[in-house]
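>>> Let me see the structure of the following:
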Amino acid sequence: MKYLIFILFLLFANFQSANAQFVTVTPEEAAVKMKKKRTVVLDVRTKEEFAEGHLPKAVNIDVLDSANFVQQIQTLNKRKQYVVYCRSGKRSMKASELLAGSQFKHIYNMEGGILAWKGVLQNKKQ
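Numbers count the residues shown, from 1 in each chain. Here you go, the predicted model:
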């Protein structure tokens, strides 16, 4: 009986870790997280959208190019924390799920995307 309980516990623990999660934050909460040195701001929009304006110090990896996205996130440091955003929040949700599934631990999906952002934007042309 002890072995059965132990095995069930291990299975549950594995299920929990396979079900990695992320946290959805407001743009204001994202701005606070972005001030920390270990935070990477991840813009998951297209290159064209990124060129029109993006959050300061953002890294652009297009989630719609799914094969490339999965390949590129494997090069990222999993110990850092990531603020993920897109235009409205839908693509960043998908990107956050992919990051969580790739064993990233500190993922913050910015609610409402860049449309909800009230702060300064950078333009690649600057």
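
>>> Residue 92: neighbour count?
Taking other Cβ atoms under 10 Å as the criterion, the count of residues near residue 92 is 30. (C-beta placed from N, C-alpha, C; glycine too.)

>>> Could you identify the helix or strand that succeeds whichever strand or helix holds it?
When secondary structure is defined using DSSP states H and E, the element that contains residue 92 is helix 90-101. Tracing the chain past helix 90-101, the next element assigned as helix or strand by DSSP H and E is strand 106-110.

>>> Quick one: work out the angle between that next one and helix 90-101.
For the pair strand 106-110 and helix 90-101, the angle between their directions (axes from the mean of the first three to the mean of the last three Cα atoms, to 10 degrees) equals 170 degrees.

>>> pLDDT weak spots in the protein?
Within the chain, the ranges that satisfy pLDDT under 70 run 1-20, 124-126.
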